[in-house]
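K.L.:
pasting the sequence and the predicted model now:
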Amino acid sequence: RAPSAHFLITLQHNKIVKMKLAIASLLVGSAAAFAPAASFGRNSALKMSETATETEKAFAKLPASVKPGVVTGQALVDLLDAAQDQGYAIPGVNIVGTNSINACMEAAAKYGGPIMVTFSKGGGQFIAGKSVDNTDDKASIAGTIAGAKHVHEVAALYGVPVVLHTDHCQKAWLPWIDGLLAASEEHFEQTGQPLFSSHMLDLSEEPLEENIGICKSYLEKFAKVGILIEFELGVTGGEEDGVDNTDVDSSRLYTQPEEVFYAYEQLSQVEGGAFTCAASFGNVHGVYAPGNVDLQPIILYNSQKYIQEKIGSEDDKPMKFVFHGGSGSSVEDIQYAIGAGVIKMNIDTDTQWAFWDGLRAYEAKYHDYLQGQIGNPEGDEVPNKKYYDPRMSLRAGEEAMAARLVKAAEDLKCVNVLN
């Protein structure tokens, strides 16, 4: 029996409806995939997204946009808002390989908070291999990208938000950032997210206008793919990973509120841009005897008040600050700075020591088992392979570093801030 005309019309109508739904679904999916650049930063206001519902949350104490794994774009903005609103700072830790990367994420899982995994130019080169030619920063670029891809693959397994950041980049090192930005742009085309969450440009050796002018030009590129910029005003003293400011004029260790406002005003002009400020308030890289470092976090409070009055805002912390040279600082100074809007503190010297101390303790404990491949206190013919397996001593370093980071998170009030 032939189908009726009514049946054929109904069938054709259903096909058309299904096709329209499929097209609409595809368009919505495409728009969602590339949405971060449109809303990211909201001209640096960095205010928490209120669009997601409670049922979508991965973490009870964080916005729904923040999920386990690498956090970028609007989710990063929301995470930093939460840190500032709830009064804690995220540990930003310099790493040199997968051992230190994994120790960071292990620590975050233990203390119940986010972590910022930070690559330096030298750290990236080390990951690629110190024997590799680094002409045009190609080893630093390749190693940093390789480390970032490792984090993308395993971060979600730790169940915490992870920020992928790069540390001090001087003017002469900008080709390193250019290479990383190209990788992020490619990653964005494929996934709708950048490879890196944020980059720091340290142009503090340049005149203020040039410093912020270059930062602004980079932020215009970053905003298109959802990358946040961290910039530096003034100089962080001491020496770290190729950046040596040990002999800098002490006056440059203290940033002025007018400088902070100038940067805020200029960078706020970038549509969709998001930024944080590494203002100098006497902080130095490295660990020094008590009394040798004169921290003045009151500078951060004064800068916030100055900006608030200039822009006529009800927000008493319009700027997101970061704290460099935090190793060796007193808990009181750290937490006072957090009160002024610090949402991240860099840690390197203390975690380097912790990793080494773990290795040192392992060697001391098993010294008599590490003097030859065969022969130990249990017998002259007993093998020692399970003791000199590199994984054993490296694991001891990881555990010691993770333990030190848990202590750092406590100082930063970053414990149990997820759920």
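P.N.:
Thanks, I have the structure now.

K.L.:
when you work out contacts or count neighbours from here on, use the C-alpha atoms and nothing else.
P.N.:
Will do.

K.L.:
low pLDDT regions in the stretch 251-400 of the chain?
P.N.:
Low-confidence regions of the stretch 251-400 of the chain, defined by pLDDT under 70, span residues 251-253, 283-294, 327-328.

K.L.:
could you pull out the helices for it?
P.N.:
Taking DSSP state H, counting those that start in this stretch as the criterion, the stretch 251-400 of the chain carries its helices at 257-267, 298-311, 331-338, 349-365, 385-388, 390-411.

K.L.:
using PDB, write down the CA coordinates of the last one.
P.N.:
Written as PDB, here are the backbone C-alpha positions of helix 390-411 (Å, rounded to 0.1, in the frame of the first residue of the first chain):
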ATOM      1  CA  PRO A 390      66.300   7.500  40.300                       C
ATOM      2  CA  ARG A 391      62.500   7.400  41.000                       C
ATOM      3  CA  MET A 392      63.200   6.700  44.600                       C
ATOM      4  CA  SER A 393      65.300   9.800  45.400                       C
ATOM      5  CA  LEU A 394      63.200  12.000  43.000                       C
ATOM      6  CA  ARG A 395      60.100  10.900  44.800                       C
ATOM      7  CA  ALA A 396      61.600  11.900  48.100                       C
ATOM      8  CA  GLY A 397      62.300  15.400  46.600                       C
ATOM      9  CA  GLU A 398      58.700  15.600  45.300                       C
ATOM     10  CA  GLU A 399      57.200  14.700  48.700                       C
ATOM     11  CA  ALA A 400      59.400  17.300  50.500                       C
ATOM     12  CA  MET A 401      58.500  20.000  48.000                       C
ATOM     13  CA  ALA A 402      54.800  19.200  48.200                       C
ATOM     14  CA  ALA A 403      55.000  19.400  52.000                       C
ATOM     15  CA  ARG A 404      56.600  22.800  51.900                       C
ATOM     16  CA  LEU A 405      53.900  24.000  49.500                       C
ATOM     17  CA  VAL A 406      51.200  22.800  51.900                       C
ATOM     18  CA  LYS A 407      52.800  25.100  54.500                       C
ATOM     19  CA  ALA A 408      53.000  27.900  52.000                       C
ATOM     20  CA  ALA A 409      49.300  27.500  51.300                       C
ATOM     21  CA  GLU A 410      48.500  27.700  55.000                       C
ATOM     22  CA  ASP A 411      50.400  31.000  55.100                       C
END
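
K.L.:
return the set of buried residues in the helix or strand encompassing Glu210.
P.N.:
Assigned by DSSP states H and E, Glu210 falls within helix 208-223. Taking 16 or more other Cα atoms under 10 Å as the basis for neighbour counts, the residues of helix 208-223 that come out buried are 211-212, 215-216, 218-220, 222-223.

K.L.:
format those residues as TSV; extra columns: distance to Phe323.
P.N.:
TSV is the format used below for the buried residues of helix 208-223 (distance: Cα to Cα, whole Å):
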residue	distance to Phe323
Asn211	19
Ile212	19
Cys215	19
Lys216	21
Tyr218	22
Leu219	21
Glu220	24
Phe222	22
Ala223	23
